[in-house]
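# Kindly generate the corresponding structure for this input.
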Amino acid sequence: MCDRGVAWALLDRHAVSPLEVAMEYPGFFPSLTARTRRLSLYRLLANSFVPLLVIALSVLLLRWAVPDLLSVLIVIWSADAFLIVVLAIPWLLVSWAFTSGKIKCPLCDAPFAHGFHLWVPKACQNCGHDTAALKISATSHGRWRAP
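As a prediction, this is how the structure comes out:
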């Protein structure tokens, strides 16, 4: 049975969490965590653009309010403007993918977010799968483990 078939079978049995799925089917966990990690990176990219714009506008306002800090604010604004320019095209592509339903939930395979969001939620709007629930950390041996 494929990973998605396992997920649907367990969802039909009222599985309470992705951890329960991983405990019952060990082969399911690596696939789920890899897809969840990729989804978390997409969310990070999609959610980073608004804070960068807020920082840029705040620095511009501070420039007029406190002219003595101009040299420091120019450095901050330059770094922020560089990040905005570099991330603009990837942000547009990822936001379009979320909006059009191209980015799927790793658990239920439904579109993760419905419609356009300035802030993409961390949980699937269909099944409630939380992308922060399966945090992966590296051990001192360089191997990955789940907490």
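# so where's this protein uncertain?
1-30, 133-147 (pLDDT under 70).
# Counting residues, which helix of it comes out longest?
Looking across the chain with DSSP state H, the single longest helix is helix 28-65.
# Now the element after it, going C-ward?
Scanning forward in sequence from helix 28-65 by DSSP states H and E, the next helix or strand is helix 70-100.
# Pretty sure Cys127 sits in a strand.
No. Under DSSP: H, G, I helix; E, B strand; the rest coil, Cys127 falls outside any strand and is assigned coil.
# how deep is it tucked in, by neighbour count?
For Cys127, the neighbour count with other C-beta atoms under 10 Å is 15. In this view, the C-beta of every residue, glycine as well, is placed from N, C-alpha and C.
# Next up, the contacts around it.
Counting by C-beta atoms under 8 Å, 6 or more residues apart in numbering, Cys127 touches 11, 105, 107-108, 110.
# quick one, phi psi at it?
Cys127 adopts backbone torsions of phi -110, psi -10, taken as degrees, to the nearest 10.
# And for Ala123?
Here the main-chain torsion angles of Ala123 (degrees, to the nearest 10) amount to phi -120, psi 150.
# Now do the buried residues in the longest helix of the chain.
Neighbour counts over helix 28-65 (16 or more other C-beta atoms under 10 Å) mark 28-29, 32-33, 35-37, 39-40, 42-43, 45-49, 52, 55-56, 59, 62 as buried.
# angle of that helix against helix 70-100?
Orientation check (axes from the mean of the first three to the mean of the last three C-alpha atoms, to 10 degrees): helix 28-65 against helix 70-100 gives 140 degrees.
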